[in-house]
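Undergrad: next comes the sequence, and after it the predicted model I'd like to discuss.
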Amino acid sequence: MKFIIDESIDFPIEEALTDRNHEVISIRKFFRGIDDEEIVLMANDSASLIVTSDKDFGELAFRQRMGHKGVVLIRLDGLSNDSKLKESLKTILAEDENLKDAFTVITPGIARIRKIID
């Protein structure tokens with residue numbers, strides 16, 4: 001699976017996806033500071049899911065109706081880095097194909113996956 005990892009995401013999550021042989025584009029490493037709209041366009045061009053903790057992507061997806069291939073919004077504030085990693089990977093790895101063309105919100109103990117319908 002292909003992922004674009006927003007710079008708001010903790011490095012261990014990015015590293016874990018890379019270690020599991022997913023194709024990962026790191027905004028932190030290669031495109032620091034680019035606009036969210038540019039990230040969506042980059043993800044669409046590469047057929048990648050966006051992994052972020054930035055709620056602005058919800059604004060782009062729902063209010064501005066900007067098309068995307070899938071967004072995973074990680075909302076695990078207050079958890080340890082280890083807990084964030086476990087919760088995030090549990091959903092990303094278990095739901096795999098269900099994340100495509102969906103807006104997913106990961107919160108402690110639950111993930112909500114909302115498919116995008118044209």
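TA: Received the coordinates, thanks. Numbers count the residues shown, from 1 in each chain.

Undergrad: ramachandran coordinates for Lys55?
TA: With angles defined as degrees, to the nearest 10, Lys55 sits at phi -70, psi -10.

Undergrad: from Leu49, how far off is it?
TA: Separation of Lys55 from Leu49 (Cβ to Cβ, to the nearest Å) stands at 17 Å. All C-beta spots, glycine's among them, are computed from the backbone N, C-alpha and C.

Undergrad: pick out whichever of the two has more residues nearby.
TA: For Lys55 and Leu49, the more surrounded residue by other Cβ atoms under 10 Å is Leu49, and the numbers stand at 24 against 11.

Undergrad: now do the contacts for that one.
TA: Neighbour list for Leu49: Met1, Lys2, Phe3, Ile4, Ala43, Lys69, Gly70, Val71, Val72, Leu99, Lys100 [criterion: Cβ atoms under 8 Å, 6 or more residues apart in numbering].
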